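> I would like to see how this sequence folds:
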Amino acid sequence: MQKDAIAIDLPLAYERERVDAEPVKIDAGIPEDSDLLPLCVDLDKTFTHTDLLFESFLVLVKKNPLYIFLCVAWRLKGKAWLKSQIAVRINLDVSVLPYNVALLEYLRAEQARGRTLYLCTATNAGLAQAIADHFGIFTEVLASSDSLNLAGPNKAAALVNKFGRRGFDYCGDSKADLPVWALARRAMVIGDKRMASAARRVNPNVVLIEKEGPLLRLIAKEMRIYQWVKNLLIFVPLLASHRFTDVKSIIAAAIAFVSFSLCASCVYLMNDLLDLDADRRHVRKSKRPFASGQLSVSLGINLAGALLVASAALTALLPMSFAYVLAGYFVATLSYSLFLKRHMLIDVFTLGALYTARIVAGGAADGIPLSYWLVLFSGLLFLSLAMVKRYTELDALVRNGKTAAAGRGYIAQDIMILCAFGTAAAYAAVLVLALYMNSAEVNVLYRHQAPLWVLFGLLLYWISRVWMLAFRGQMNDDPIVFAVKDRTSLITVGLCVAAVMLAI
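Residues are numbered from 1 along each chain as shown. From the prediction side, this is the model:
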């Protein structure tokens with residue numbers, strides 16, 4: 001498709017303006033204007049904290065992953081065509097997008113003073129108009145059509161043709177806005193001092209509205225580093241087979257732990273990216289870096305890809321069976337994020353299986369065959385813990401007077417039957433442990449069987465306490481993370497390890 005362009009006979013983009021006045025001072029605030037020139041505001045990462053193209057793409061892929069292949073074909077016809085084709089196929093709720101609240105308040109104040117505001121963006125016109133209609137403060141929307149991508153020089157030309165050179169102020173955030181800043185009266189920069197310096201090279205009248213954030217801390221938060229504690233389950237086969245003194249096995253398990261953790265973080269990122277709409281409606285999850293706009297969606301997509309590549313690279317140091325387990329885990333977790341979590345019971349069975357997959361991965365990494373006792377015990381125990389997680393979410397809904405879980409297959413009335421299923425699975429796991437302690441395998445692996453009955457009692461106490469706390473509304477969403485932070489749980493784990501060592 002032939003892409004249109006807007007003709008302009010003025011110098012564009014990166015021309016250097018001769019500065020005869022004093023050196024530019026970058027202000028921390030937003031100035032007031034006496035002449036009330038039109039103020040043109042960019043949308044992506046300026047008026048909003050996100051990028052609408054990436055947001056739209058994720059909504060489309062969540063709707064049907066096969067659209068990825070169509071997106072490649074649409075992109076070959078131009079970026080404007082890609083945006084338009086995505087826009088007509090999705091329904092994006094603009095009311096929950098993360099907006100720049102400080103800028104919004106300023107724009108409303110300027111409108112009250114009689115200043116005309118224009119939303120000028122490379123986003124598709126349909127989405128941009130929906131946002132403008134939602135706020136009702138913009139006089140007009142200038143946006144991309146199906147043949148014209150209104151970015152860079154095209155945007156600069158459109159604004160100059162409409163307002164004249166130096167006849168408008170422009171608020172943007174990136175290097176793509178340099179051609180526009182070069183022709184505006186004032187360059188309002190949403191970003192950091194480096195971007196303000198770049199804008200100053202093409203326009204002496206720069207205002208910086210600084211946007212700072214502890215990037216590494218936000219990335220670590222999104223990667224859920226604290227959730228890596230779950231992957232310690234990879235060491236369970238090593239301990240159960242009494243090979244915890246074998247250095248080679250320990251190294252293999254450690255590599256598997258890192259690989260699994262990187263893969264898990266990749267999945268956490270993808271899950272948050274695909275769940276942006278639901279997270280923004282959630283009281284607690286709305287504060288996550290992607291949902292709140294503190295981290296860009298584009299950064300999340302790139303980071304997820306990098307983590308997946310690093311995780312896959314580490315599998316080359318381990319047996320191929322580990323790679324198979326890791327690939328199965330990735331596919332299962334992605335399927336869970338896309339659609340399985342919306343189906344009643346299937347979601348908790350999947351979560352239980354994903355916990356158990358960590359133990360299977362540990363066995364594959366060290367070449368340790370897993371006993372049916374361990375797999376059955378783990379499956380039932382983790383199924384119960386998955387039901388604790390879902391029970392906790394339903395309990396919070398009931399306490400807040402809601403009747404259904406958004407994006408899940410449960411209603412408030414399911415809470416009691418879910419409790420019954422979860423406690424039954426927990427006690428079945430304890431029963432499996434009791435039967436195992438009377439099996440022939442125990443006589444081979446353990447010199448003294450009596451301390452194992454202490455393990456039986458401790459596990460029975462711990463799982464009962466977990467459900468009691470969940471019933472009281474005192475349980476964290478994730479029982480594994482709760483256990484790591486709970487002193488009683490840590491003491492119980494320590495006593496269990498001591499019992500096993502005495503038995504050995």
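
> any idea which strand is longest in this structure?
strand 117-124 (DSSP state E).

> Could you tell me the average pLDDT over it, please?
In this model, strand 117-124 has a mean pLDDT of 96.

> residues in contact with the helix or strand following it?
Scanning forward in sequence from strand 117-124 by DSSP states H and E, the next helix or strand is helix 125-135. The contact list for helix 125-135 (CB atoms under 8 Å, 6 or more residues apart in numbering) reads 43, 47-48, 52, 56, 84, 87-88, 92, 94-95, 97, 104, 119, 121, 138, 141, 143-145. In this view, the C-beta of every residue, glycine as well, is placed from N, C-alpha and C.

> repeat for stretch 415-422
383-384, 387-388, 390-391, 394-395, 398, 410, 467, 470-471.

> mind running it again at 10 Å?
344-345, 348, 383-395, 397-398, 410, 414, 463, 466-467, 470-471 (CB atoms under 10 Å, 6 or more residues apart in numbering).

> Keep only those of those that are in helices.
Mapping the contacts of stretch 415-422 onto helices (DSSP state H) picks out 348, 383-395, 397-398, 463, 466-467, 470-471.

> so how far is the longest strand of the chain off the chain centroid?
26 Å (CA atoms, centre = their mean, to the nearest Å).

> And stretch 497-504, by the same measure?
On CA atoms, centre = their mean, the centre of stretch 497-504 falls 40 Å from the chain's centre.

> which residues are contacting that stretch?
The contact list for stretch 497-504, computed with CB under 10 Å, 6+ apart, reads 239-240, 242, 244, 437, 442, 445-458.

> now these: which count as buried?
240, 437, 446, 451-452, 454-456, 458 (16 or more other CB atoms under 10 Å).

> Which of those residues fall in helices?
Those of the buried ones among the contacts of stretch 497-504 mapping onto helices are 240, 451-452, 454-456, 458, per DSSP H.

> Tell me which other helices or strands the host helix or strand of L334 touches.
Using DSSP H and E, L334 falls within helix 320-338. Counting contacts by 3 or more CB pairs under 10 Å, 6 or more residues apart in numbering; DSSP states H and E, helix 320-338 packs against helix 52-63, helix 247-274, helix 297-314, helix 346-366.

> try it again with 7 Å
Packing partners of helix 320-338 (3 or more CB pairs under 7 Å, 6 or more residues apart in numbering; DSSP states H and E): helix 247-274, helix 346-366.

> how close does the closest residue to L380 other than its chain neighbours get to M195?
Nearest non-adjacent residue to L380, counting by CB to CB, 6 or more residues apart in numbering: A429, 3.7 Å away. Look at A429 and M195: by CB to CB, to the nearest Å, they are 55 Å apart.

> L53 now?
Counting by CB to CB - L53 and M195 are separated by 20 Å.

> buried ones in stretch 223-240?
Within stretch 223-240, the residues scored as buried using 16+ other CB under 10 Å are 223-224, 227-228, 230-231, 233-238, 240.

> Could you tell me the end-to-end distance of it?
30 Å (CA to CA, to the nearest Å).

> Please apply the same query to stretch 237-245.
End to end - CA to CA - stretch 237-245 spans 13 Å.

> chain center to that stretch: distance?
On CA atoms, centre = their mean, the centre of stretch 237-245 falls 35 Å from that of its chain.

> residues in contact with that stretch?
Applying CB atoms under 7 Å, 6 or more residues apart in numbering, the set of residues contacting stretch 237-245 from outside is 249, 253, 359, 362-363, 366, 368, 370, 374, 445, 504.

> So, low pLDDT: which residues of the chain?
Counting by pLDDT under 70, the chain has low-confidence residues at 1-35, 212-213, 403-407, 476-477.

> Could you find the closest non-adjacent residue to the residue nearest the centre of it?
Among the residues of the chain, the one closest to the centroid is D272, at 2.7 Å (CA atoms, centre = their mean). With sequence-adjacent residues excluded and distances taken as CB to CB, 6+ apart, D272 is closest to F290, at 4.9 Å.

> Now for that neighbour, how many residues are close by?
25 (other CB atoms under 10 Å).

> Let's have the helices and strands packed on helix 320-338 in TSV, adding distance to L215.
Shown next, in TSV, are those (distance: least, CB to CB, whole Å):
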stretch	distance to L215
helix 247-274	15
helix 346-366	29
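
> Of the ones you listed, flag the one that's most buried.
helix 346-366 (a mean of 22; mean count of other CB atoms under 10 Å).
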